[in-house]
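In: Here is a sequence with its predicted model. Questions after.
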Amino acid sequence: MNKVYLFKYGLTVLFLICTLTTFAQKARFSGIVVDEHNLPLPGATVAVKETGQTTAADKDGAFATANTTLQSLTVTVNFLGYDAAERVLVAGQSLRIALTPNSRSLAEVVVVGYGTVKKSDLTGAVSTIGSKDLNPGPITNPLQQLAGKAAGVNVTQTGSEPGTAPNVRIRGITSLIGGNDPLVVVDGVQGNMDLFKQVPPSEIESVDVLKDASATAIYGSRGAPGVIIVTTKKNRNGKSTVEYSTNASIDVIGKKLELLNATQWWEQAQNYGVPASANHGSNTDWFSLLTRNGYTQNHTLAFGGGANSFNYRASLTAILQNGIVINSNYKNYIGRITATQKALDDRLTLTMNLNSGIDNARYSPPSIGRAAFTSNLVSNAYVSKPTDPVLNADGSYYSDPNVFQYINPYAVAQTVKNDVKANSLFGSLRADLQIYKGLSAGWFGSWRKVDGNTGYYLPAASTVSTAIDNQGIANISNYHQDEKLNDISLSYKKDFGKHHLDAIAVYEYQIQIYNGNFSQAKGFINDIATYNALQLGDLSKVTPGDFSSYKNDRSLVSYLGRVNYSFNNKYLLTASFRRDGSSVFGANNKFGNFPSASLAWRIDQEGFMKNQRVFSSLKLRGGYGVTGNQQGLAPQNSLQLVGYSGVTYFGGQSITNFVISQNANPDLRWETRKQANIGIDFTTLNDRLSGTIDAYTAKTDNLLFYYAVPQPPYPYGSIAANVGSIQNRGIELTLSYTAIKTTNTTLTLAGNASYLKNKVLNLSGSINGVPLNTDYVGWGANSYLIKDKPIGSYYILQHSGKDASNAETVVDQNGDGIIDQGSQSPDRVLEGSALPTYTYAFTPSFRYKNFDASMVWRGSGGNKIYNGIRPSFSYFENLGKSNVLASAVPLGLFTSQYGSDLWLENGAFLRFENLSFGYSIKTDSRFISSLRVSLTGQNLALITGYTGVDPEINLSGGNGSGYDGGIYPRTRTFSIGLNVVFK
């Protein structure tokens, strides 16, 4: 009996064990790993927290695992370039896990010119901005996406005229006439700032800004003002994508100047004895008449795919903008394709880029007005009296015959044609062949062509006096740009135990050809053909200067090499040398040598740092380099040139005269910039806080400048030469702190700041034994180049009040009873300079599940602005023929013969640059992988004491910097965006 019971109970226990085992085998856990566009991430690593097991996602992003005892598992998912995600899996329920791109990972590989380097191995000063960190919104130029994003990179948007590109300066002013625009490199193609017009903003993957000489010296003569390297998006192998992005905005005027209305104007006119005949009885708001709400649209359709050894990506982009001034607009169409093909068992890689762009713009006249005030069309709205009518009784445009060179700004806006068109094309092909393990050879070639033309028509109906005198003026200007670049390279990478070597040698040749022509006609019987039929003009009105043409070229040959060496992954060395020869220099100085070297110490890798928990990473950097500059020189600046000098009638015949128009200088040579940089990179607080601190000093020697020379011995009064020097010193700080980081929520507080001090060291010297005592050189309205002072220092008379006749008075500094207004007058005093000394930005970002938000606050200061609009519209002596500012009434000045510091204002500001909200909508559609909507506001607030329209004016560092003569207003923009990725 006992055996029977034992048998029964044994069968029961065995049945239960089999049941439990069967149940445990059914505890299956699965999921799919996708990216931010809901596309699979094959190869993603999935680690099980409870067991330590690891698996990988397949080609569809799917993974699966099993467990015999648990009904839920915690997994951590990792993929290169994305934040790790921790999720809980429930048995039998597949989970879709979406990873978020990691900006730190995206920046692990930095493009440094002719190659890449890991960020941890970087020895120079480089700022990297990933695509998700670029400023969002309706962007017309990619530079707008960089504003506030990098320390020492000052992006200034002067006004919001359609299609107008921002100005950018990297670590200040490097030259006076040699060019301060950084070199732009787009997927290996080198160019000037206009190359950005051919880059679709939504197609940028990353931007690397090379700032110090040790990083830029590899670009030699073109790297002195810094280098901006743009890498566009590529498709990953095995993935086909179709993506549509759009953004549409309403653009409104952020601020306008307050002038007197018709009632106020007449009230003041009576106080100052303006005759009643000057009051024409109208009530016209000229500014409102000329302006409107604008709009901007961005559309991009991108698609790509790839399989095995081939991948491609193509895109079509349209940027459409209607300006806030009537009859102004901008249209930019960009098409691009990039493809990569591997061959010879993946030893050969071919990369092709092709980009085409079409620009069409209609601008308001850039410089127009009366003899007493010439500016843009918007600023001319301030001139016209509010009591002037727009139209005459017969419907023609009103013009006041009692006012010299009167213009009707509405007539100008409606009748003047100023059309600018450009067709551009650039392509490149790169071939990289692995010859032997670690040894590769490369060839790169690029070709860029730009064909542009401008058509301008100024009819008599515009009311502009020159147009009336000539019965209409029409002109056409054509230009053609042809740039070719070829380089051959040999690179070698090898590890020798604890030693790592990465070296490259390059031969490069560039040639640039420019040609164009200008033709003009006057005297038209009607306005039907505008500028499209110059032959309809009156040939008897042709004068010298009505037609011209040009053609020139420049070439650059370069030999360069760079070595990256590291020992034990702790001690890093980068050394480069470049020898450039340029056709633009004198016969005695065609070539220049540009060396650089930098060191880095990864302190965190040392043994004494292993037990500390303060720093996750800590690196000390230092470097020195020399770069050259030739940008501002024309191809024949070193040669003696002759030019047209009118016609002489002699013996009954007309004889064309010529005169020397440029002095020869066979010693014209490279402007050189020597820069030293020391920096530290760190992460701390468990990787929550990361930062970079850089300090630098840079000196430009052999400064290119046009110096005044005596006649004789020189036949012409100035010469391009290398005599002076300038200096920049600065410090930069970048910080990023992750305040919150959980599975669903991330809050990052980031910002940067920079301080820069520049000064003119010297402008005096000698050329061929002829002494040059050059100082107090005019550099704008009351600003000068003065030895040992900042560029564009204001040396100005001090306002002291007004006399009994309401005329302005100034301080007689030396008490001699005479107000000397000469450039070196003892009555002038130094009162600041035109260029900012500090810039800063605050760029926080937030994410909660599918919702994200970001903002940009940025500002600058330490500079002064000469507000030229205020004196133009503050003197009541002009009241009978123009309007005045409302601020002129309490000032009560009738006239002035001085340009005093009354009009000199603090240029500091803080701008709420950008605020963006986005939401990614989950979708189970068969056709849509991901859907994201966004709302963005730009230029939402401006905090400044400056009384002009906007403190962001011309800060290029050239002649006229810091002067506000009237700018196109800056708009406040509200936009909605949509991004759709199709399956």
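Out: Received it, and whenever you're ready, just let me know what you need.
In: hey, let's count contacts and neighbours off CA atoms from now on
Out: Noted.
In: what helix or strand does the spatially closest residue to Thr574 that is not a sequence neighbour sit in?
Out: Excluding its sequence neighbours, the residue lying closest to Thr574 (CA to CA, 6 or more residues apart in numbering) is Asn564, at 4.5 Å. Here Asn564 sits within strand 547-567, counting by DSSP states H and E.
In: Pairing partners for that strand, with directions?
Out: strand 499-522 (antiparallel), strand 571-582 (antiparallel) (DSSP bridges).
In: Buried residues in it, which are they?
Out: Using 16 or more other CA atoms under 10 Å as the test for burial, strand 547-567 gives 553-566.
In: Pull that strand out as CSV, backbone CA atoms only.
Out: Below are the C-alpha coordinates for strand 547-567, written out as CSV (Å, rounded to 0.1, in the frame of the first residue of the first chain):
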residue,chain,number,x,y,z
PHE,A,547,30.0,100.3,-68.6
SER,A,548,32.9,98.2,-67.4
SER,A,549,34.2,94.7,-67.2
TYR,A,550,36.8,92.7,-65.3
LYS,A,551,38.5,89.3,-65.1
ASN,A,552,41.0,88.1,-62.6
ASP,A,553,42.3,85.0,-61.0
ARG,A,554,44.2,83.8,-58.0
SER,A,555,45.9,80.5,-57.2
LEU,A,556,47.2,78.9,-54.1
VAL,A,557,49.5,75.9,-53.8
SER,A,558,50.0,74.2,-50.5
TYR,A,559,52.2,71.4,-48.9
LEU,A,560,51.0,70.3,-45.5
GLY,A,561,51.5,67.6,-42.9
ARG,A,562,50.1,66.7,-39.5
VAL,A,563,51.1,64.2,-36.9
ASN,A,564,48.9,63.1,-34.0
TYR,A,565,50.8,61.1,-31.4
SER,A,566,49.7,59.7,-28.0
PHE,A,567,51.4,57.6,-25.4
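In: what's in contact with it?
Out: With CA atoms under 8 Å, 6 or more residues apart in numbering as the test, strand 547-567 has contacts from 218, 498-520, 572-584, 635.
In: Drop anything exposed from these.
Out: For the contacts of strand 547-567, a burial check counting by 16+ other CA under 10 Å picks out 218, 500-514, 516, 518, 520, 572-584, 635.
In: pLDDT value on Thr823, please?
Out: One thing to correct before we go on: residue 823 is Ser, not Thr. Turning to Ser823, the model gives it a pLDDT of 91.
In: Looks to me like it is in a helix.
Out: No - Ser823: not assigned to a helix; according to DSSP: H, G, I helix; E, B strand; the rest coil it is coil.
In: Tell me who's in contact with the nearest residue to it once chain neighbours are set aside.
Out: The shortest distance from Ser823 to any non-neighbouring residue, by CA to CA, 6+ apart, is to Tyr776 (6.5 Å). Taking CA under 8 Å, 6+ apart, we find Tyr776 in contact with 784-787, 823-824.
In: re the thing from before, I'd like to know which of the buried residues of strand 547-567 is nearest to Leu797.
Out: Arg554 (44.9 Å; CA to CA).
In: okay, the residue lying closest to that closest one once chain neighbours are set aside: pLDDT?
Out: Among residues not flanking Arg554 along the chain, Gln512 sits closest, at 5.3 Å (CA to CA, 6+ apart). With respect to pLDDT, Gln512 scores 94.
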